[in-house]
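# Dropping a prediction and its sequence here:
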Amino acid sequence: MTDKNIALIVGATGLSGSYTARELKAHGWTVVTVSRSDVDLEWSDRHIAADLTDAGTSAEALKAAQDVTHVFYCTWARQANEDENVRVNGLMARNLFEGIAGAPVKHAALVTGLKHYLGSFDDYAKVTPYTPFLESSPRLPGPNFYYAQEDVLFEMAEKHGFTWSVHRPHTMIGFTVGNYMNMAVTLAVYASICRHTGQKFLYPGSPEQYNAVTDVTDARLLAKQFHWAATTPEAANTPFNTANGDVFRWTWLWQQIADYFGIEVADYPGHPTPLEEQMKDADGIWKEIVAKHGLQDIPVNRLASWWHSDADLGRELECFTDMTNSRKLGFTAYQSTRDSFTDVFDELRARKIIPA
């Protein structure tokens, strides 16, 4: 068995996967990446294109990953309903672990999220769980693809003798293009459109979320927790909530974002005004902005995921997490939430994706 840490990162083009790859490389790890397409990633030492929904072709592709020592599973495939989410995402995880069954895996980590406590897309936020969300909370009834992914992880860990960790971030904040669930980029695009058109920056979500205590997860902090859990023996076989370590209310943060972009906050009307409705003409407006400022020509629907930010900001209950499991074991990383957003905004400007 090799003494060198060789990470297999599944979902390497997304937020959690890309930031984890860079974190591990900074610690001297070799990084092997997997995604559906054949892409050139600056944070990858070896890339594997594999369709994990296909057992045969993925097994063939994963022959190039038989030396990996650690797995970081950071992907999912959204389907038409939760039964299909369960079937497809469970199958993908199984095909991955069966494809590397001969590798000297020591530890495998899975990233899920707060739907563990709030329910699946089909039953989202129909429960009223205790807050802050506790890592010891039992599973909710009904199908949930997070549970299906966990079950495959637990089965494979027992079968092949490696340890596991499950990481449950809140809304993920970081820089990437084309991610389905990227609030920071979505709000940057929305604010840029407000500045271009002169409209006020209107909070789109529910009064409960506007006024309640909440938290988010910087992708950099998740990457640090991944590395910590993979290299801390006491952390083995444990679920971990993952959040920045501060809490805030959107009544405050919305003004902070507006100030960054130099725009005026609209009076909150006391009810949701979803971004999908507000931004129905965004495609044409964004083309104007791109042309005016000489930006990268990236379609607005590859940058902004209106539906996901609407879902997060439209919750009608309080959502924040308790991190007892990792705190008791010594994980003390902290990240300012305001900086999580403004760091992404700075990078978007530097890359000429939004106007300065």
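Received it, and whenever you're ready, just let me know what you need.
# can you list contacts of stretch 335-352?
Contacts to stretch 335-352, defined as CB atoms under 8 Å, 6 or more residues apart in numbering, come from residues 173-175, 184-185, 187-188, 215-216, 218, 220-221, 244-246, 248, 253, 256-257, 260-261, 293-296, 354-356. Where you see a C-beta, it was placed from the backbone N, CA and C, and this is true even at glycine.
# In helices, which of these fall?
184, 185, 187, 188, 220, 221, 253, 256, 257, 260, 261, 293 (DSSP state H).
# Run through the bridge partners of residue 218.
Per DSSP bridges, the residues bridged to residue 218 are residue 173.
# From the ones in helices among the contacts of stretch 335-352, keep the buried residues only.
Buried members of the ones in helices among the contacts of stretch 335-352, counted by 16 or more other CB atoms under 10 Å: 184, 185, 187, 188, 220, 221, 253, 257, 261.
# from those residues, which is closest to residue 148?
residue 221 (26.0 Å; CB to CB).
# Surely the closest one and residue 244 touch.
Yes. Counting by CB atoms under 8 Å, residue 244 is a contact partner of residue 221 at 6.0 Å.
# Common neighbours of these two, please.
334, 335.
# re the thing from before, from the ones in helices among the contacts of stretch 335-352, which two are the most distant?
221 and 293 (31.3 Å).
# thinking again about what came up before, let's have the ones in helices among the contacts of stretch 335-352 in JSON lines, adding distance to residue 163.
Formatted as JSON lines, these follow (distance: CB to CB, whole Å):
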{"residue": "184", "distance to residue 163": "32"}
{"residue": "185", "distance to residue 163": "34"}
{"residue": "187", "distance to residue 163": "37"}
{"residue": "188", "distance to residue 163": "38"}
{"residue": "220", "distance to residue 163": "24"}
{"residue": "221", "distance to residue 163": "21"}
{"residue": "253", "distance to residue 163": "37"}
{"residue": "256", "distance to residue 163": "40"}
{"residue": "257", "distance to residue 163": "40"}
{"residue": "260", "distance to residue 163": "42"}
{"residue": "261", "distance to residue 163": "44"}
{"residue": "293", "distance to residue 163": "49"}
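# backbone phi and psi for the nearest residue to residue 294 once chain neighbours are set aside, please?
Using CB to CB, 6 or more residues apart in numbering and skipping residues adjacent in sequence, the residue nearest residue 294 is residue 352, 6.9 Å away. Residue 352 adopts backbone torsions of phi 60, psi 50, taken as degrees, to the nearest 10.
# Could you give the number of residues near residue 352?
Close neighbours of residue 352, defined as other CB atoms under 10 Å, add up to 14.
# and the gap between it and residue 156?
43 Å (CB to CB, to the nearest Å).
# Ok, residue 292 next?
Computed as CB to CB, the residue 292 to residue 156 distance reads 52 Å.
# same thing with residue 142?
The gap separating residue 142 from residue 156 is 24 Å, by CB to CB.
# The nearest residue to residue 274 once chain neighbours are set aside: which element?
Nearest non-adjacent residue to residue 274, counting by CB to CB, 6+ apart: residue 310, 4.4 Å away. Applying DSSP states H and E as the criterion places residue 310 in helix 306-313.
# Quick one: list the elements packing against that helix.
Where contact means 3 or more CB pairs under 8 Å, 6 or more residues apart in numbering; DSSP states H and E, helix 306-313 is packed against helix 183-197, helix 275-278.
# Can I get those in a markdown table including distance to residue 233?
Shown next, in a markdown table, are the helices and strands packed on helix 306-313 (distance: least, CB to CB, whole Å):
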| stretch | distance to residue 233 |
| --- | --- |
| helix 183-197 | 34 |
| helix 275-278 | 44 |
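# wait, which of those is closest to residue 304?
Nearest of the helices and strands packed on helix 306-313 (CB to CB): helix 183-197, 4.4 Å.
# Between residue 292 and residue 156, which has more neighbouring residues?
Set residue 292 next to residue 156 and count neighbours by other CB under 10 Å: residue 156 wins out with 22 against 10.
# Please verify my assumption that the more buried one contacts residue 97.
Yes. Taking contacts as CB under 8 Å, residue 156 lies within contact range of residue 97: 4.1 Å.
# so which of the ones in helices among the contacts of stretch 335-352 comes closest to residue 17?
Using CB to CB, the ones in helices among the contacts of stretch 335-352 come closest to residue 17 at residue 220, 13.0 Å.
# returning to that earlier point: got the buried residues for the helix holding residue 310?
Here helix 306-313 shows 306, 308, 309, 310, 311, 312, 313 as buried, counting by 16+ other CB under 10 Å.
# now the angle between helix 183-197 and it, please.
With axes from the mean of the first three to the mean of the last three CA atoms, to 10 degrees applied, the angle from helix 306-313 to helix 183-197 works out at 110 degrees.
# Quick one: distance of helix 306-313 to the chain centre.
14 Å (CA atoms, centre = their mean, to the nearest Å).
# For that helix, which outside residues touch it?
Under CB under 8 Å, 6+ apart, the answer for helix 306-313 is 124, 171, 180-183, 186-187, 203-206, 209, 250, 272, 274-276, 279, 282.
# again with stretch 317-330
By CB under 8 Å, 6+ apart, stretch 317-330 touches 114, 118, 125, 128, 131-135, 168, 170, 208-209, 212-215, 225, 228-229, 232, 234-235, 238-243, 245, 247, 331.
# repeat that with 6 Å
Stretch 317-330 is contacted by residues 128, 131-135, 212-215, 234-235, 238, 240-241, 243, 247 when judged by CB atoms under 6 Å, 6 or more residues apart in numbering.
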